[in-house]
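Enquirer: All I have is the shape, not the residue letters:
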């Protein structure tokens, strides 16, 4: 093997790995931090033919699927398999959030990262695994960043209404926006697990060094911090909108009370003169 090619798609908010494992006859309970790896005979049953050289598919609980040395045809067959077992993915748009990368083997040379591939001096089992983890997280971050942009656009329209004095957000609508922000934050922290290191990095210094460098190259931590910062800003905006909305409701109630008092006084005067 002189090269491994990786293609990653962030296809969902989360993937139930244990459901897929049961469908594949795998008698193992997967925890949230562990990828499900399909290869050889297990993969052959799904794609209907013998897999290619070093072909594998890795699935992550945070919604990413990594294809190693796979063909477009096998990608589409596998996505249809996921859809058939009721995994919530959009077959027409599953390629929207993706990463492409490769491992190049070059004997006697140091690890070198480029935009398209990483060059490694010798093949170790942790290289494909850690490469898959990093690009899976990167693709999932792209999905999260897009969802964050949608929330920001929605809030921008509310702020525009505020500038025109037309803001009147109902409790249900406010709760819906807040739930989107909370879900977004939960997906980022709990599912993508940006700050969590794979288990092998705690016992293998070469693996730890490779993972740290590749994470830095893909700017995982920096992107996470940007998302976290924007999320905090979103929370501040929501708090402000909630305060203003409640104040407007309070002012409305006060005006209703004043009007009722005035009406009552008028009725009393009319009754007196009558």
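Expert: Everything's here; your move. Note that the structure is predicted; figures quoted are calculated from it, not measured.

Enquirer: Show me the helices in this structure, by range?
Expert: Assigned by DSSP state H, the chain shows helices spanning 17-23, 40-47, 72-84, 126-163, 171-186, 205-217, 220-273.

Enquirer: Lowest average confidence across those helices, which one?
Expert: Per-segment confidence across the helices of the chain bottoms out at helix 171-186, which has a mean of 71 in mean pLDDT.

Enquirer: tell me the domain ranges of this structure?
Expert: Residue ranges for the domains of the chain, per automatic domain parsing: 3-130, 137-246.

Enquirer: Distance to residue 273 and mean neighbour count added to these, as CSV?
Expert: Bear in mind the C-beta positions are built from the backbone N, C-alpha and C, glycine included. Formatted as CSV, these follow (distance: least, Cβ to Cβ, whole Å; neighbours: other Cβ atoms under 10 Å):
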stretch, distance to residue 273, mean neighbour count
domain 3-130, 69, 17
domain 137-246, 39, 15
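
Enquirer: Of all those, which one is nearest residue 269?
Expert: When the domains of the chain are ranked by distance to residue 269, counting by Cβ to Cβ, first place goes to domain 137-246 at 34.1 Å.

Enquirer: Need the pLDDT of the closest residue to residue 135 other than its chain neighbours.
Expert: On the basis of Cβ to Cβ, 6 or more residues apart in numbering, the spatially nearest residue to residue 135 that is not a chain neighbour turns out to be residue 99, at 4.2 Å. At residue 99 the predicted local distance difference test score is 96.

Enquirer: Bridged to residue 99, which residues?
Expert: Under the criterion DSSP bridges, residue 99 forms beta bridges with residue 8.

Enquirer: Surely it is in contact with residue 133?
Expert: No - applying Cβ atoms under 8 Å as the test, residue 99 and residue 133 come out as separate, 11.6 Å apart.

Enquirer: got the contact list for residue 92?
Expert: Contacts of residue 92 were listed using Cβ atoms under 8 Å, 6 or more residues apart in numbering, and none were found.

Enquirer: Show the pLDDT at it.
Expert: In the predicted model, residue 92 carries a pLDDT score of 88.

Enquirer: Phi, psi for it please.
Expert: Geometry field for residue 92 lists phi and psi as phi -80, psi -30, criterion degrees, to the nearest 10.

Enquirer: how much space is there between residue 121 and residue 154?
Expert: As judged by Cβ to Cβ, to the nearest Å, residue 121 and residue 154 stand 49 Å apart.

Enquirer: Likewise for residue 52?
Expert: According to Cβ to Cβ, residue 52 and residue 154 sit 44 Å apart.

Enquirer: Ok, residue 99 next?
Expert: 27 Å.

Enquirer: For residue 89, see how far away the closest residue to residue 102 other than its chain neighbours is.
Expert: Across the structure, with Cβ to Cβ, 6+ apart as the measure, the residue nearest residue 102 apart from its sequence neighbours is residue 117 (3.9 Å). Relative to residue 89, residue 117 is positioned 28 Å away (criterion: Cβ to Cβ).

Enquirer: Residue 40 now?
Expert: Here residue 40 is placed at a distance of 24 Å from residue 89 (Cβ to Cβ).

Enquirer: go on, residue 31?
Expert: Noted for residue 31: a distance of 22 Å to residue 89, by Cβ to Cβ.

Enquirer: quick revisit: who wins for proximity to residue 268 among the domains of the chain?
Expert: Set against residue 268 and scored by Cβ to Cβ, the domains of the chain come closest in domain 137-246, at 33.0 Å.
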